[in-house]
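In: need a structure here:
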Amino acid sequence: MRRAVDRYRAFLREPDVARLLATAFVTRMPIGMVSLAMLMHLREITGSFAFAGTAVGGYLVGMAAAAPVVGRLVDRIGLARPLQVTGAMQPIALAAVLFAIPLALSRPAITVLAALAGMFSPPISSLTRTLWRHRFDRDDERKIAFSVDSLLVELNFTVGPALVAVLLTVGTPAIAFGAAWLFAAAAVPLFLRSPAPRYWKAERGGRRHLLGPLTEPRLLLVYATGSAFTFSFGLLEVGYPGFAAAQGAPALGGVLIAICSIGSAIGAFAYGAIHLPLPVERQLPRITALMIVPIAAHALVASPWLLATLAFVAGLLMAPALTALTLLVTHHAPARYAAEAFTWSTACVVASVGAGTAAGGALIQASGPPAAFALAAAGVVVASLLGLALQPAAIRVD
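Out: Purely as a prediction, here's the structure:
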């Protein structure tokens, strides 16, 4: 433990690291707030959860579709202009959704504006990961950076929804959505005024292809592995509330998700602190293989206490696997496509979690939560098998 603390203390003492981490946390607050706050606000003003869910779905689809385009622009012309445009356009679109009633907007108009807000979402989360690649040259330093980054994302997904929940309790959905808007409007100015632009390394040279980083076969394999893995996340996110509803205790769903997130945060801390002699290509399939057992066991238990224990154990392995995947994007993405490569990774995650959520909802409706958990285990199996193909070939000695 002392060695782990010393490693993190040394990391935090690196120039500007503490400021960069603080900036990353604050500027990523919208990822844990906007979707939930928008959902509750639109449900309040329209009386329809179905419409609210459709609009939020459009927001997420727009975000996933446009992120690689913004990433490519950043690679070609730098940070400032793409972020200035997205940092202005997204708050305008979100403000229109917030004031949909005074503006007398129709439901189709609200849906279009929500999608536009997603399309102009500044890809700060992806750019922060790219920034760690630029800030540190060695894999051991990058592993700590990506581990801390994963921990901060878990905090964003914990603190953000909790803040929305508090504002919904003491205020109204419009107030909660307004708070989310404030964080979204402040994100780009804070990021551009932080030390981040100072460490950005633009790669102007090199021949560029229309498909960008998608021309790299091993990077495509990393994306496929990450997609199979995060598909399981979507299944778990709907599986836990489904299990809770079947138990007659709806609040248990949020507790199970929180327990899994706590496990993931602890796993991120541990993975960043320890030194593993194996290359990351060999670590990934081993981590995902270990995760198969607790996920598969989800489908076999009926006790909330047992499921909570399994959720914590599964969470312990989530962040290390995601950190390993992030390192592999760094390994296999050409420098001239650095930002675009990470935005493609984010797009794959968003799309896969969404697909898992949709599949999980259908399975729970038809067969119950065990079916969703079983498919989640199958997704991790696929990720583990794909990860095996990423391992470097053994060196032959004649």
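In: for the rest of this, base every contact and every neighbour count on C-alpha atoms.
Out: Fine.
In: tell me where the stretch 101-250 of the chain has helices.
Out: Ranges of helices in the stretch 101-250 of the chain, per DSSP state H, counting those that start in this stretch, are 107-119, 124-135, 139-170, 173-193, 196-199, 217-246.
In: of all these, which one is nearest Pro334?
Out: helix 217-246 (9.7 Å; C-alpha to C-alpha).
In: got a list of what Ala10 touches?
Out: Counting by C-alpha atoms under 8 Å, 6 or more residues apart in numbering, Ala10 touches no other residue.
In: may I have the secondary structure class of it?
Out: helix (DSSP: H, G, I helix; E, B strand; the rest coil).
In: for the helix or strand harbouring Gly379, which positions count as buried?
Out: Following DSSP states H and E, the helix or strand that holds Gly379 is helix 369-388. Neighbour counts over helix 369-388 (16 or more other C-alpha atoms under 10 Å) mark 369-384, 386-388 as buried.
In: next: stretch 240-247.
Out: Buried residues in stretch 240-247 (16+ other C-alpha under 10 Å): Tyr240, Pro241, Gly242, Phe243, Ala244.
In: which of the residues you listed sits closest to His275?
Out: Tyr240 (33.2 Å).
In: and that closest one, what is it in contact with?
Out: Leu252, Gly253, Gly254, Leu256, Ile257, Pro369.
In: what number of residues lie near Leu21?
Out: 17 (other C-alpha atoms under 10 Å).
In: distance check, it against Val148.
Out: Leu21 sits at a distance of 8 Å from Val148 (criterion: C-alpha to C-alpha, to the nearest Å).
In: low pLDDT regions in the stretch 51-200 of the chain?
Out: For the stretch 51-200 of the chain, no stretch has pLDDT under 70.
In: coming back round to it: rank the contacts of Tyr240 by pLDDT and give me only the lowest.
Out: Least confident of the contacts of Tyr240 in the model: Gly254, at 70.
In: next up, the contacts around that residue.
Out: Gly254 neighbours (C-alpha under 8 Å, 6+ apart): Tyr240, Pro241.
In: what helix or strand is it on?
Out: Short version: Gly254 belongs to helix 251-273, going by DSSP H and E.
In: helices and strands around the very next helix or strand once past that helix, which ones?
Out: Per DSSP H and E, the first helix or strand lying C-terminal to helix 251-273 is helix 280-298. Under the contact criterion of 3 or more C-alpha pairs under 8 Å, 6 or more residues apart in numbering; DSSP states H and E, helix 280-298 touches helix 304-332, helix 369-388.
In: what angle sits between helix 280-298 and helix 369-388?
Out: With axes from the mean of the first three to the mean of the last three C-alpha atoms, to 10 degrees defining the directions, helix 280-298 sits at 170 degrees from helix 369-388.
In: next, the angle from helix 280-298 to helix 217-246.
Out: Using the same axes, to 10 degrees: helix 280-298 against helix 217-246 is 20 degrees.
In: buried ones in helix 280-298?
Out: Applying 16+ other C-alpha under 10 Å to helix 280-298 flags 280-285, 287-298 as buried.
In: buried stuff in stretch 28-36?
Out: Buried, per 16+ other C-alpha under 10 Å, within stretch 28-36: Arg28, Met29, Pro30, Ile31, Gly32, Met33, Val34, Ser35, Leu36.
In: that one: how far from the chain's middle?
Out: Distance, stretch centre to chain centre, for stretch 28-36: 11 Å (C-alpha atoms, centre = their mean, to the nearest Å).
In: try stretch 185-199
Out: 20 Å.
In: next one: stretch 33-48
Out: On C-alpha atoms, centre = their mean, the centre of stretch 33-48 falls 21 Å from the chain's centre.
In: okay, it in CSV with CA atoms only?
Out: Extracted C-alpha coordinates of stretch 33-48, given in CSV (Å, rounded to 0.1, in the frame of the first residue of the first chain):
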residue,chain,number,x,y,z
MET,A,33,-25.7,15.1,-15.7
VAL,A,34,-27.1,16.1,-19.1
SER,A,35,-28.8,12.8,-20.1
LEU,A,36,-30.5,12.2,-16.8
ALA,A,37,-31.5,15.9,-16.3
MET,A,38,-32.8,16.2,-19.9
LEU,A,39,-34.8,12.9,-19.4
MET,A,40,-36.5,14.2,-16.3
HIS,A,41,-37.1,17.7,-17.7
LEU,A,42,-38.7,16.4,-21.0
ARG,A,43,-40.8,14.0,-19.1
GLU,A,44,-42.0,16.8,-16.9
ILE,A,45,-42.9,19.1,-19.7
THR,A,46,-44.4,16.5,-22.0
GLY,A,47,-45.7,13.9,-19.6
SER,A,48,-44.1,11.1,-21.6
